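Peer 1: Sequence and predicted model, in that order:
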Amino acid sequence: MDWLLDIISQWGAYLRPHLRDIALALVATSLVVFGNDINYLIRKQISSLHFVWRTLIFVLICAFGYGAFTLFMTPVVASQLAVLSNLWLPWVILGLFTVLGAVAQRRRQA
């Protein structure tokens, strides 16, 4: 059983230097999966405004808002992942990507 814990720990140690990239992938994937819902909420909030204002706000949010969200959330997610031990890190990352994939698949079928 110790050999299995050693393998998992080595896997976690291998992933640790790549946490920023993994966090970026998690944030970007989350935006892709939940982007339609976010856009719907924004569209609902600004529906009463003039066409020019709606377009301007939507472009600003899509162009700069999502970029800023990604820029600011990536270090937050990376720091949260960095707190995990090498034994838990691979499982949490695998679980997060699995949940995002399942949610994406479910939304695609709906």
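Peer 2: Cool, the structure landed.

Peer 1: Report pLDDT for residue 12.
Peer 2: What the model reports as pLDDT for residue 12 is 92.

Peer 1: Which strands or helices does whichever strand or helix holds residue 53 pack on?
Peer 2: Secondary structure assigned from DSSP states H and E places residue 53 in helix 51-60. Applying 3 or more Cβ pairs under 8 Å, 6 or more residues apart in numbering; DSSP states H and E, one finds that helix 51-60 makes contact with helix 19-45. For glycine as for every other residue, the C-beta is placed from the backbone atoms N, C-alpha and C.

Peer 1: Next, name the residue at the spatial heart of this structure.
Peer 2: By Cα atoms, centre = their mean, the mean C-alpha position of the chain lies nearest to residue 27, the distance being 2.2 Å.

Peer 1: Quick one: residues contacting it.
Peer 2: Listed by Cβ atoms under 8 Å, 6 or more residues apart in numbering, the contact partners of residue 27 are 69-70, 73-74, 77.

Peer 1: Give me the buried entries from the residues you listed.
Peer 2: The neighbour count (16 or more other Cβ atoms under 10 Å) marks 69, 73-74, 77 as buried among those.
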